[in-house]
Each structure stands twice: as structure tokens, then as C-alpha cells.
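1. next one to model:
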Amino acid sequence: QVQLIESGGGLVQAGGSLRLSCAASGRTFSRNTMGWFRQAPGKEREFVAAIIWGTWGDSTYYGDSVKGRFTISRDNGENTVALQMNSLKPEDTAVYYCAVDREYSARYYGWREYDYWGQGTQVTVSS
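-> This next block holds a predicted model:
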């Protein structure tokens, strides 16, 4: 049984940093697309970042609102994916979810493409 467990959320002041981690169990995902999404109250689930396996190394992609501030990475040995969030803004406040796509899809930014989801972790950025 696949499980994804996020950790690292919390309350931080604007301009601060947080590091989210997602630990996967049940199978290894070194060749799967892994992503982070977020959802604020009353808003749709939003793409944050994805890391995609490639023959010559992973590729990373980011939503426009987080480019240059967030960094996604993974540790295949630990079967984890992390999201380093710097220069946080109040508008980054949301529940953050990690997700895994069982099969490659070019639509890495679409939450419906992903098959496994964590339970989410709250990130709150105060102004």
C-alpha cells in the first residue's frame, strides 16, 4: 500500500523559509514524476512544483507564482521529495500536498494526472 506523508509545515513570518518533506512508502518512485500542489480556502488546487525523471537526470518545473523562490528535490535513496520554500509571502498560505504520478504525463501541472496523494501539511505565512 502506497503512503505519502508530508511534514515540515508551520507558521512563519513573511520573508522566512520552510522546508517541506514527503516520505513515500510501499514502493519506490525514483522514476516517477513527483509534485507539490497547494490549496488555499475557497481556491482551486494549484500546481507548485514537479520533478520528472529523465535519462540524463531529473528535470524540475515550477508554477509562475513560486519560480525563483521554491526548489523541489528528491532523495531516491530515502524515497523522499522535498520542497524548499524561501522568501515566503502571505499568499503562499495554503495546505501543501505531495503527489506521485504512476505513469509519465506531459501534463505534470495538472493535479488530476497524479495517482497518489499525501494528507497535506498546513503552511501559514504571516505578514
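2. contacting residues for the residue positioned nearest the centre of the chain?
-> Residue closest to the average C-alpha location in the chain (C-alpha atoms, centre = their mean): residue 36, at 2.0 Å. Taking C-beta atoms under 8 Å, 6 or more residues apart in numbering as the criterion, residue 36 is in contact with 20, 22, 48, 49, 50, 72, 81, 83, 96, 97, 98, 99. Quick note: C-beta positions are derived from backbone N, CA and C, even for glycine.
3. surely it is within a strand?
-> Yes - according to DSSP: H, G, I helix; E, B strand; the rest coil, residue 36 belongs to a strand.
4. name the SS class of the closest residue to it other than its chain neighbours, please.
-> Using C-beta to C-beta, 6 or more residues apart in numbering and skipping the chain neighbours, the partner closest in space to residue 36 is residue 48 (4.2 Å). Under the three-state scheme (three-state DSSP), residue 48 adopts strand.
5. which residues touch residue 48?
-> Contacts here follow C-beta under 8 Å, 6+ apart; on that basis residue 48 touches 35, 36, 37, 38, 62, 63, 66, 70, 83, 96.
6. tell me the pLDDT at it?
-> Residue 48 is assigned 98 on the pLDDT scale.
7. next structured bit after whichever strand or helix holds residue 99?
-> Using DSSP states H and E, the element containing residue 99 is strand 94-101. Scanning forward in sequence from strand 94-101 by DSSP H and E, the next helix or strand is strand 116-117.
8. which non-adjacent residue is nearest residue 80?
-> In space, and not counting its chain neighbours, residue 80 is closest to residue 23: 5.1 Å by C-beta to C-beta, 6+ apart.
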